[in-house]
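model this:
(one chain, ligands or ions: 2)
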Amino acid sequence: MAENPATILAIETSCDETAAAIVKDGRFVLSNAVYTQILLHREYGGVVPELASRNHVQKLTYVVEQALREANMQLSDMDAIAVTYGPGLVGALLTGVTYAKSLAYAAGKPLIPVNHMEGHIAGNYISHPELEPPFLCLVVSGGHTQLAVVEDYGEYRLLGETRDDAAGEALDKIARVLGLPYPGGPALAELAKDGNPNAYTFPVSFKGESHLDFSFSGIKTAVINLLHTIEQKGGTYRRDDIAASFQKAIVDNLVRNTVRAFERERIRNVAVAGGVSANTLLRETLTAKLGKRAKLYFPQLAYCTDNAAMIGAAAYDGWVRKNFADYSLNADPSLDLPEKE
Ligand code: KG4
Ligand code: ZN
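Ligands and ions are numbered 1, 2, ... in the order given. Sure, this is the predicted structure:
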């Protein structure tokens with residue numbers, strides 16, 4: 001890949017992290033600055049879009065300066081500016097897109113538009129520079145749950161996706177019901193450590209069906225109904241048992257479809273991407289079920305949740321293909337993974 005060397009400054013503002021990073025040749029992270037707004041949104045139990053946008057505007061310059069400083073580089077050393085333009089919160093995306101356009105214009109650099117979900121997948125290239133397409137990828141974040149074959153750089157074949165909630169969204173929701181702070185996924189995983197994962201059994205979605213789609217809202221509703229029933233009867237429950245059993249139900253669904261996809265596609269390399277790929281139970285269960293048959297790839301924790309290094313990694317393909325945007329680039333809040341024709 002180093003036939004086309006490129007040092008790219010990447011900007012990410014699709015949700016509640018203001019992030020900038022410098023990445024060389026799509027694989028090597030020279031700096032990775034993230035300003036997280038978690039504490040700001042925690043007070044409200046979830047991301048408040050208006051607050052997210054306002055904070056991105058306030059922090060962008062600082063975060064970009066930090067990325068340059070940490071790499072000991074100047075804007076003039078960059079070959080291109082990359083930015084996430086979707087999917088995500090429209091106002092939040094727009095802050096990054098507008099900032100990146102201005103920076104590209106002022107510095108006279110090409111602008112590379114990046115799909116946030118391709119960014120998550122590309123997080124694996126940073127942690128595993130030897131990884132190349134084709135590979136199977138389970139993409140699990142707060143807004144998405146998808147199984148796709150990465151046929152080539154920038155070319156995907158979607159095998160299945162969620163028909164309702166994303167896995168991270170369901171984890172966040174039940175965490176909130178259990179009184180845990182935002183973001184719920186890691187807090188729920190922590191609580192689950194002391195619980196019994198077999199204390200409760202929740203429904204297996206699409207039992208007996210052979211497609212590769214996901215559904216998590218039924219499991220989520222089952223938990224909420226169970227808690228209501230116990231409370232109505234004046235009973236008690238252990239929060240850690242609920243957390244452990246629910247986490248197991250979500251993970252079992254994710255792993256079942258991933259194993260099925262692997263058996264169908266016969267692609268030896270299997271990667272996981274997105275915020276939920278940080279989850280220990282998911283990593284352990286997938287390793288137990290597939291580790292002997294497939295080569296598994298998980299991003300390092302810093303590249304699981306939102307960051308700009310993964311955007312810089314994904315942008316390298318745009319650089320090689322000269323897929324540059326002009327100044328009419330707009331945010332696309334519901335951007336899909338580009339599918340193979
Ligand atoms: O990819 P991401 O940072 O943002 C989106 O693009 O959505 O994913 C955020 C999601 C949240 O739902 C969060 O609760 C979940 O990833 N998450 C986790 C863990 N770390 C983050 N879920 C389970 N276990 C974790 N360790
Ligand atoms: Zn994300």
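
model confidence score at the spatially most central residue of the chain, please.
When the chain is reduced to its mean C-alpha position, the nearest residue by Cα atoms, centre = their mean turns out to be Gly274, at 2.5 Å. Here the pLDDT value assigned to Gly274 is 98.

the one 4 residues further on too?
Each residue has a pLDDT score; the one for Ala278 is 98.

on that earlier part again, against ligand 2, how distant is the residue nearest to the centre of the chain?
Distance of Gly274 to ligand 2, given as Cβ to the ion, to the nearest Å: 6 Å. In this view, the C-beta of every residue, glycine as well, is placed from N, C-alpha and C.

thought that residue was touching Cys304?
Yes: in terms of Cβ atoms under 8 Å, Gly274 counts as a neighbour of Cys304; the distance is 6.9 Å.

can you give me the strands for the stretch 51-200 of the chain?
With DSSP state E, counting those that start in this stretch applied, the stretch 51-200 of the chain shows strands at 80-86, 111-115, 135-140, 145-152, 155-161, listed in chain order.

Ala19: what's its closest spatial neighbour, skipping adjacent residues?
With Cβ to Cβ, 6 or more residues apart in numbering as the measure, Ala308 is the residue that lies nearest to Ala19, at 3.8 Å, once sequence neighbours are left out.

same check, this time on Ala244
Spatial nearest neighbour of Ala244, chain neighbours left out: Gly195 (3.1 Å); criterion: Cβ to Cβ, 6+ apart.

what sits against the one you found?
Counting by Cβ atoms under 8 Å, 6 or more residues apart in numbering, Gly195 makes contact with 238-245.

now for these, which sits with the most neighbours around it?
Ala243 (28 neighbours; other Cβ atoms under 10 Å).

give me phi/psi at it?
phi -60, psi -50 (degrees, to the nearest 10).

quickly list what Ala325 is bridged to.
Here Ala325 sits in beta bridges with Leu111, as judged by DSSP bridges.

about what we covered before: how much space between the residue nearest to the centre of the chain and Leu171?
As defined by Cβ to Cβ, to the nearest Å, Gly274 lies at a distance of 12 Å from Leu171.

all helices for the stretch 201-341 of the chain, in order.
217-232, 239-265, 280-290, 309-320 (DSSP state H, counting those that start in this stretch).

got the contact list for whichever residue of the stretch 1-150 of the chain sits closest to ligand 1?
Of the stretch 1-150 of the chain, the residue with the smallest distance to ligand 1, taken as Cβ to the nearest ligand atom, is Gly142 at 2.8 Å. Applying Cβ under 8 Å, 6+ apart to Gly142 gives the contacts 15, 166, 168-169, 172, 183, 185, 275.

what about 6 Å?
Listed by Cβ atoms under 6 Å, 6 or more residues apart in numbering, the contact set of Gly142 reads 168-169, 275.

could you do Ile11 as well?
Applying Cβ under 6 Å, 6+ apart, the residues near Ile11 are 20, 83, 96, 100, 308.

Ala244 now?
Applying Cβ under 6 Å, 6+ apart to Ala244 gives the contacts 192, 195-197.

which bits of the stretch 151-300 of the chain sit near ligand 1?
For the stretch 151-300 of the chain, the residues found near ligand 1 under the criterion Cβ under 6 Å from any ligand atom are 168, 171-172, 183-186, 189, 274-276, 278-279.

could you dump those residues to a markdown table with distance to Leu89?
A markdown table is the format used below for these (distance: Cβ to Cβ, whole Å):
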| residue | distance to Leu89 |
| --- | --- |
| Gly168 | 15 |
| Leu171 | 19 |
| Asp172 | 15 |
| Pro183 | 15 |
| Gly184 | 18 |
| Gly185 | 18 |
| Pro186 | 21 |
| Ala189 | 24 |
| Gly274 | 16 |
| Gly275 | 15 |
| Val276 | 19 |
| Ala278 | 21 |
| Asn279 | 23 |
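
of all those, which comes closest to Ser53?
Proximity of these to Ser53 (Cβ to Cβ) peaks at Pro183, which lies at 18.4 Å.

chain neighbours aside, what residue packs nearest to the closest one?
Distances taken as Cβ to Cβ, 6+ apart place Asp172 nearest to Pro183, at 6.2 Å, with adjacent residues excluded.

would you agree the one you found is in contact with Gly184?
Yes: taking Cβ atoms under 6 Å as the contact criterion, Asp172 and Gly184 are neighbours in contact, 3.8 Å apart.

for Arg293, which non-adjacent residue is closest in space?
Nearest to Arg293 is Phe262, by Cβ to Cβ, 6+ apart, at 7.2 Å.

ok, that neighbour to Val97 distance?
Going from Phe262 to Val97 by Cβ to Cβ gives 36 Å.

what do you get for Pro197?
Separation of Pro197 from Val97 (Cβ to Cβ) stands at 42 Å.

what about those two, which has more around it?
Between Pro197 and Val97, counted using other Cβ under 10 Å, the more crowded position is Val97 (23 against 18).

so that one is in contact with Ser328, correct?
No: no contact is recorded between Val97 and Ser328 when judged using Cβ under 6 Å, the distance being 10.6 Å.

what residues do these two have in common as contacts?
Residues touching both Val97 and Ser328 by Cβ under 6 Å, 6+ apart: none at all.

and the stretch 101-250 of the chain, which residues reach ligand 2?
For the stretch 101-250 of the chain, the residues in contact with ligand 2 (Cβ under 5 Å from the ion) are Ser141.
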